[in-house]
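> Please find the sequence and the predicted model below.
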2 protein chains.
Amino acid sequence: MEDLMQKIVSFSKRRGFIFPSSEIYGGFGSCYDFGPLGVELKKNIKKAWWDEMIKKQNDIVGLDASILMNPRVWKASGHLSAGFADELVECKKCHHRFRKDFVNSPAGEKCPDCGGAFTKAKKFNLMMKTSVGPVEDDASIAYLRPETCQGIYVNFKNIMQSMRLKVPFGIAQIGKAFRNEINPKDFIFRTREFEQMEMQWFCEHQKADKFFEYWLKQRLNWYYKLGINKKNLRIYEVPKKELAHYAKRAVDIEYKFPFGWKEIEGIHNRGDWDLSNHAKNSGEDLKYEGYFPHVIETSVGVDRSLFVFLTEAYQEIKGGRSGKTNTEIFLEINRILAPVKVAVLPLVKNKPEIVKKAKEIYRSLKTEFVTLYDQTGSIGRRYRRLDEIGCIFAVTVDFDTLKDNAVTIRDRDTMKQKRIKIKELSQFLNQELK
Amino acid sequence: MEDLMQKIVSFSKRRGFIFPSSEIYGGFGSCYDFGPLGVELKKNIKKAWWDEMIKKQNDIVGLDASILMNPRVWKASGHLSAGFADELVECKKCHHRFRKDFVNSPAGEKCPDCGGAFTKAKKFNLMMKTSVGPVEDDASIAYLRPETCQGIYVNFKNIMQSMRLKVPFGIAQIGKAFRNEINPKDFIFRTREFEQMEMQWFCEHQKADKFFEYWLKQRLNWYYKLGINKKNLRIYEVPKKELAHYAKRAVDIEYKFPFGWKEIEGIHNRGDWDLSNHAKNSGEDLKYEGYFPHVIETSVGVDRSLFVFLTEAYQEIKGGRSGKTNTEIFLEINRILAPVKVAVLPLVKNKPEIVKKAKEIYRSLKTEFVTLYDQTGSIGRRYRRLDEIGCIFAVTVDFDTLKDNAVTIRDRDTMKQKRIKIKELSQFLNQELK
């Protein structure tokens, strides 16, 4: 399975999905860049989430809060305290630090960098610090937000008032967050810079349990609808004794990655802790009709879910899809998510009328759909390249096109081909890809 | 004109466009949060840019690079040097720092904080620093990118290879950047955290001048098409002697803000400096067919252009749009950009059948268009609230609706009303809003 992981990493780079950040300078930490196909896939995932959580649901509005916030937010939320920290030991000689569990591993008796002895474990905060303004002193310290939800809580009142909302309602946000993970790993699964899609649902106490079930079901259905096999998803009910002090209930949605079952989304009943706590610390009245609404949160990573969809779709087929060739890669990704919807292929590249017509069609389709143009290699070879990236339709312009103004269109999933008039292409694709 | 500025700031908060970040804790620096309507407007601007620069143009692909990058990138690009810095003076007593030009102003002879004397001016770098990994030493320093374009240059080869591109081609990116501005000001015009939309066009040397003209024209047209009056835009040709050392030509597109003419977008001919310089510093071959392509860059801020569209659209009409009421605010924003497209209004709120029908229509329309539901106040008052946020259509459900299954639809711009069958609403709106 580790082998599959390596294949996905290498495929992602080769086909323009994901590159190591600053790769020409040797990369950087656990940072990754999304290439041309990665950007489209990411946009499609965010849109699918926004459509599901805002457009299709009632009473949910959006927010886009800044990454830098007043540090008092993090004092109030508890992120500046020992709770949001990893336990580290420090080498007494070279002062390098390691996770406490490393010391308990066979390799961990001495510092691997200098052989020195370790201190006792101490807490190390996961927030990334920076300094804002001209003087680097305590007053100018700021943090890169470690989660997006605090931006929602501190804007609760402004949003409720400006949008004239009544409880129950939700606030949804997509945005970047940063955590100084000691041990980032597993490609884009755990990175220091990541993007979250979070929704906070504010409701009456008595209805919180019911809404928890509702949102858990909604979120599971989102994955199913987008092509994730039920057998690759499971839920994990976090035991009462492991819950955060303010949490009433927490359920993780887990996916079966090549490296094991891992959390991809959390559904949390946070009670009234966030609003009451920010009210206390800020002195603002954050009550609705005399009470603090309870919060049900759904929280998922963009990068992490992108990894899920890529993993689920990636297949290597021995003998190829025809059964008669070498092993082929086939990215069987949901139509809504597929980064490229159409490709236009001139049958031959040395016949100017065919190339011209193909480019015309390409230019017209690309204003509506993400479209590729490819004139290199045999048609079969080009189909295989398109199957690799999960392109839904391939449109071939051939000699007959010059006479009948029609093209051959191939469906990725059925591999069936049919003839269609050029002037009907846009309507056909709109219907199929809606 | 400063008065207009204050009105826009206050309007933006009241109607859910833009809130001061962490406002319940007294705000933070120059950070702002985009509320429910601000998010929609921002999304529409980004989509309009992406549609123009990627979908409608040929041979441009997208990228989404990380904010944290290998610090060697910033050494190579020159951002770690004195060039990317403000000149500051420091108070000898309290060590607070001020921009050099402050000292030359009437208020600036002594430190305003403690009355102390100033040092000579020295350079202060604008990049925000952070630390990555468990040890805060020199080796762990990282910077928040001060511009997005470097992510494009360092990915040039990976993108060209994975996407099989041939020069000329472009790489476009939307993403956040950070600058520790000493003097952030003018609402969201100059902030420390901001979002850029940049496109880098790679071409042969001989064609760079021609492409420069092409992109300048394209970019100007983008503003015109989205409703910016030609008299509020002008171009400023940066004089040769003020150009960055590597720049061949630079033109600023300026907008007439309430606080004066200010740059909103830059078109730059950067020659082959970026690729040749990164090739030299990284040791990678970044040539295309034996030469370094020249770069034409178009660079605009999301926040800044949002500010432009809001300012351009904001109007206060004495006597109201009817000429018979109090002063009214009218946000005459382009249909593509308008954050809310439709509103559904039950004529009265105490007639259950009307309310039920209105909610049905609202729920059906909101899956397709950003839609509001409003049942509070007279219809005239609700129209005025909708004009304030530039909502394009208002759909009123009245007593007749219960008999004829039709509604009254009002057009924001003409204020004309017409009767339309409920079942034809979606098609009508799709046609009008496309």
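Noted; the coordinates are in hand.
> Tell me the residues of the stretch 251-400 of chain A that contact chain B?
Residues of the stretch 251-400 of chain A lying close to chain B (CB under 8 Å from any CB of the partner chain) are A:278, A:281, A:282, A:284, A:286, A:363, A:366, A:367, A:368, A:374, A:376. Heads up, the C-betas are built off the backbone N, CA and C, glycines and all.
> can you put those in CSV and add pLDDT and secondary structure?
Listed next are those as CSV, based on pLDDT from 0 to 100; DSSP: H, G, I helix; E, B strand; the rest coil:
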residue, pLDDT, secondary structure
A:278, 98, helix
A:281, 97, helix
A:282, 97, helix
A:284, 97, coil
A:286, 98, coil
A:363, 96, helix
A:366, 96, coil
A:367, 96, coil
A:368, 96, coil
A:374, 96, coil
A:376, 95, coil
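> List buried members of those residues by neighbour count.
By neighbour count, with 16 or more other CB atoms under 10 Å in any protein chain shown, those hold A:278, A:282, A:284, A:286, A:366, A:374 as buried.
> which ones are touching the closest residue to chain B within the stretch 301-434 of chain A?
Among all residues of the stretch 301-434 of chain A, residue A:367 sits closest to chain B, at 5.3 Å; criterion: CB to the nearest CB. By CB atoms under 8 Å, 6 or more residues apart in numbering or on different chains, the contact list for residue A:367 reads B:51, B:55, B:56.
> show me where the stretch 251-400 of chain A has helices.
A:273-282, A:302-313, A:352-365, A:379-388 (DSSP state H, counting those that start in this stretch).
> which one of the ones you listed is the most hemmed in?
Here the criterion is mean neighbour count by mean count of other CB atoms under 10 Å in any protein chain shown, and of the helices of the stretch 251-400 of chain A the winner is helix A:302-313, at a mean of 22.
> That one packs against which elements?
helix A:2-14, helix A:36-50, strand A:193-203, strand A:249-257, strand A:260-271 (3 or more CB pairs under 8 Å, 6 or more residues apart in numbering or on different chains; DSSP states H and E).
> Next up, the contacts around residue A:191.
A:30, A:31, A:32, A:181, A:184, A:303.
> so which of these is the most crowded?
residue A:32 (27 neighbours; other CB atoms under 10 Å in any protein chain shown).
> Wait, that one touches residue A:20, no?
Yes. Using CB atoms under 8 Å, residue A:32 is in contact with residue A:20, at 6.2 Å.
> Now the nearest residue to residue A:272 once chain neighbours are set aside. Its backbone dihedrals?
Nearest non-adjacent residue to residue A:272, counting by CB to CB, 6 or more residues apart in numbering or on different chains: residue A:292, 3.8 Å away. Torsion angles at residue A:292 (phi, psi; degrees, to the nearest 10) stand at phi -90, psi 120.
> what about stretch A:12-27, distance to the chain center?
The chain centroid and the centroid of stretch A:12-27 are separated by 17 Å under CA atoms, centre = their mean, to the nearest Å.
> low-confidence ranges in the stretch 1-150 of chain A?
Residues of the stretch 1-150 of chain A meeting the criterion pLDDT under 70: A:1-2, A:82.
> again, only using 80
Residues of the stretch 1-150 of chain A meeting the criterion pLDDT under 80: A:1-2, A:82-86, A:95-97, A:99-107, A:122-124, A:134-139.
> residues near residue A:109, how many?
Residue A:109: 12 surrounding residues under other CB under 10 Å.
> for residue A:401, same thing?
Residue A:401: 22 neighbours (other CB under 10 Å).
> Next, name the residue at the spatial heart of chain A.
residue A:302 (1.5 Å; CA atoms, centre = their mean).
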